[in-house]
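J.: Just a sequence and a predicted model for now, questions to come.
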Amino acid sequence: MNRRSPVKGLFWILTVAATQALPSSAQQPAGPSPSDLQKQLEQLKQQYDATTRDLQQRIEALEQQIQKQKEASETTRRETVSAVELAAHQAAEKAVRGGSDQVGAQYQGQLASEPTYDLLNEAEAKISKLQEQLGTFEFHGYFRSGYGLNGKGGSQVAFQAPGADAKYRLGNEAETYGEFIFVNNWLNPEHHADKAWLKTEVMIEANTTNSASYANFPGNTGNDQFRLREAFVRAGHILEGQPDAKFWAGERYYRRQHIEIDDFYPLDMSGYGAGIEDFNVGIGKLAVGFLAGARPDIVTQNGNYAKSNIDVRLYDLKAPFGRVGLWFDYAHAKGGTMQPGIAIPTADGVAFGLRFQRLEWHGGYNTFSIQYGKGAASNFSTSIDEPNPFLKSSERLLVTEHLLVQPSDKFAVMPIFVFQRKRDGQPGHGFNDWASFGVRPEVFFTKYISLAFEGGFDHTEGFVTTQTGDRQFDGWLRKFTIAPQIGAGRQFFSRPVLRAFLTYGSWSNGFRGLVGGVPFQDRTSGLTYGLQAETWW
């Protein structure tokens, strides 16, 4: 059954009334002829049809307008509710994290009523505050992860020469490793160069063995490891006369020097302490830091065995073709007597070094360094080696050279060289020598597809301590990798990158049982292959 709309019914009543109100002459017994009446009827029909069409068009136009207004009103209501729900959801999340004291029914589930002006205004204020807080926060990090197999079918192993402090990385990393950095800017989140700033930085390090996505094995074998590697406060632009000077205190990675393709740190004084850096002294910049570390597993009457360092660096010194930096470290390790009556002597030590850099060179850079240390400072680190009565006789010489050359966006190459000679000072222990040279070229076919190669050669001579005692060794380790890659650009350091890899290693007979772990303990060569992702941000 068709039901007329109120507007159409009103139109029908008006039409009937108009018909009844016509002149009554048509009903009089004496009047116009039939032909005249016929003409009047035709005119009335035409007027009726015209009026009907006009009213019908107006009715349809009004109905369309009413429908559009309803749809617009519904859309506005939904958008308004969504905005308020979003603000409420964000406020609830903030409350859960401890950033709000307003936790209650207004943040649980759907809104109980239509939004009001006050509620919308409150939501807008909260959103603005959340955006302001977001501007003060930074998130940085690094990770590499993947999976590989060895030539015998077991999980991937890495090839590293005994006595070498690093290995060539490409296709030779058998773990998932990450560093996750959280920074909050308490002052000057806009990073204006002419304003004081104060920030906190915390970094969590994660290291897994690629054994399982959640490793929790008996005896801690292969389990995931998490460490707090940075937790410090840093401030800058505090002194008007020294706008570049920065003050810091806490635990941090301290001005580390790094060689990329073998992940080697010639100088790493990371640890706990405080200092000032980038202090302008006219000829360059100065950094002074107090850094320390301790051994909770070694306890004397003085407490945990500890080593303190005074680290002084003068850098950005102008030199022909580049810049020069000088480094000096004084270390002091307080001795004592352990419970079984074992005496640990107090040891001092000094270390110094020189670093030369060309920061713009053939599309890359060039860095050369030479360092020497003696006694407690001979390891170029805040970490403490195993104490012994002859620690003051320990010494180390380290020479490194590495450079990056990228003449175009189609090719890049990084060659490196490392020579290290060290001894622990104990009678009967001679020098351990490590010489290494390697190269990683990369060819870029497109903006995203490249092919990387890496060849590394390590020669070591000396001794290594095993479960059966000291074992002498002398030989070579050779490692080769080919890796097709999908990356974020045409630069050597473009990240993220996805890569497949095939790695082959071979070593001297003198290294038999010391390279490649269980799968290759009775061999002098090995093969691994797999997939890996690497990125930093």
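T.: Done, it's in.
J.: Run through who's touching the helix or strand that contains Val350.
T.: Using DSSP states H and E, Val350 sits within strand 347-361. For strand 347-361, the surrounding residues in contact (Cβ atoms under 8 Å, 6 or more residues apart in numbering) are 257, 267, 315, 319, 321-333, 335, 365-378, 380, 387, 391-392, 394, 403, 405. For glycine as for every other residue, the C-beta is placed from the backbone atoms N, C-alpha and C.
J.: what's in contact with the helix or strand that contains Tyr147?
T.: Assigned by DSSP H and E, Tyr147 belongs to strand 137-150. If you take Cβ under 8 Å, 6+ apart as the criterion, strand 137-150 is touched by 155-157, 171, 173-174, 176-185, 206, 210, 501, 516, 519-520, 526-537.
J.: and those residues, which are buried?
T.: Among these, those scoring as buried are 155-157, 171, 173-174, 176-183, 185, 206, 210, 501, 516, 519-520, 526-530, 532, 534-535 (criterion: 16 or more other Cβ atoms under 10 Å).
J.: any weak-confidence spans in the stretch 101-250 of the chain?
T.: Along the stretch 101-250 of the chain, segments meeting pLDDT under 70 span 101-120, 123, 128-134.
J.: Where do the strands of it begin and end?
T.: Listed in chain order, the strands of the stretch 101-250 of the chain (DSSP state E, counting those that start in this stretch) span 137-150, 176-187, 197-208, 225-236, 246-252.
J.: Mind putting those into a markdown table with distance to Arg355?
T.: Formatted as a markdown table, these follow (distance: least, Cβ to Cβ, whole Å):
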| stretch | distance to Arg355 |
| --- | --- |
| strand 137-150 | 23 |
| strand 176-187 | 24 |
| strand 197-208 | 25 |
| strand 225-236 | 23 |
| strand 246-252 | 20 |
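J.: out of those, which comes closest to Tyr305?
T.: strand 246-252 (18.6 Å; Cβ to Cβ).
J.: So what are the sheet partners of that closest one and their directions?
T.: Partners of strand 246-252 in the sheet, by DSSP bridges, are strand 225-236 (antiparallel), strand 271-280 (antiparallel).
J.: so after that strand, what's the next helix or strand?
T.: Per DSSP H and E, the helix or strand that comes after strand 246-252 is strand 257-259.
J.: who does that next one pair up with?
T.: Strand pairing (DSSP bridges) places strand 257-259 next to strand 264-267 (antiparallel).
J.: For the partner strand, buried residues please.
T.: Going by 16+ other Cβ under 10 Å, strand 264-267 has these buried residues: 264-267.
J.: before we move on, what about stretch 140-154?
T.: For stretch 140-154, using 16+ other Cβ under 10 Å, the buried residues are 142-146, 148, 150-151.
J.: what do you get for stretch 421-429?
T.: Of the residues in stretch 421-429, 421-425, 429 count as buried by neighbour count, 16+ other Cβ under 10 Å.
J.: Pull out the buried positions in stretch 211-229.
T.: Buried residues in stretch 211-229 (16+ other Cβ under 10 Å): 224, 229.
J.: how far does that stretch sit from the chain's center?
T.: Relative to its chain's centre, stretch 211-229 lies at 21 Å (Cα atoms, centre = their mean, to the nearest Å).
J.: Quick one: residues in contact with it.
T.: For stretch 211-229, the surrounding residues in contact (Cβ under 8 Å, 6+ apart) are 155, 179, 202-209, 251, 253, 270.
J.: Same question for stretch 442-450.
T.: 409-413, 451-453, 484-490, 492.
J.: for those, which one is nearest Leu198?
T.: Ala488 (32.6 Å).
J.: With adjacent residues omitted, what lies nearest to the closest one?
T.: Ser494 (4.8 Å; Cβ to Cβ, 6 or more residues apart in numbering).
J.: Distance-wise, check that neighbour relative to Gln160.
T.: As for Ser494, its distance to Gln160 is 27 Å (criterion: Cβ to Cβ, to the nearest Å).
J.: is it true that His402 touches Pro415?
T.: Yes - His402 is in contact with Pro415 according to Cβ atoms under 8 Å; the separation is 7.1 Å.
J.: tally of neighbours for the residue nearest to Gly375 when sequence neighbours are not counted?
T.: Closest residue to Gly375 apart from its sequence neighbours, by Cβ to Cβ, 6+ apart: Gly349 at 2.7 Å. Residues near Gly349, counting by other Cβ atoms under 10 Å, number 22.
J.: gap between Gly349 and Arg421?
T.: On the measure of Cβ to Cβ, Gly349 and Arg421 end up 17 Å apart.
J.: Could you do Gly293 as well?
T.: Taken as Cβ to Cβ, the span from Gly293 to Arg421 is 24 Å.
J.: How about Ala158?
T.: Distance, Ala158 to Arg421, by Cβ to Cβ: 24 Å.
J.: same thing with Phe290?
T.: Distance from Phe290 to Arg421, by Cβ to Cβ: 29 Å.
J.: With Glu201 instead?
T.: For Glu201, the distance to Arg421 (Cβ to Cβ) stands at 36 Å.
J.: shouldn't Phe232 be in contact with Trp248?
T.: Yes - look at Phe232 against Trp248 with Cβ under 8 Å: they come within range, at 5.6 Å.
J.: Poorly predicted segments of the chain, please.
T.: For the chain (pLDDT under 70), the answer is 1-34, 72-120, 123, 128-134, 466-467.
J.: how about the helix or strand where Val443 lies: buried residues?
T.: Per DSSP H and E, Val443 falls inside strand 432-444. Buried residues in strand 432-444, counted by 16+ other Cβ under 10 Å: 432-436, 438-442, 444.
J.: do the same with stretch 471-491
T.: Here stretch 471-491 shows 473, 475, 477-481, 483, 485, 487, 490-491 as buried, counting by 16+ other Cβ under 10 Å.
J.: Point to the residue nearest the middle of this protein.
T.: In the chain, the C-alpha nearest the mean C-alpha coordinate belongs to Gly141, at 2.1 Å (Cα atoms, centre = their mean).
J.: For that one, name its beta-bridge partners.
T.: With DSSP bridges as the rule, Gly141 is bridged to Phe180.
J.: do you know how far it is from Asp268?
T.: On the measure of Cβ to Cβ, Gly141 and Asp268 end up 19 Å apart.
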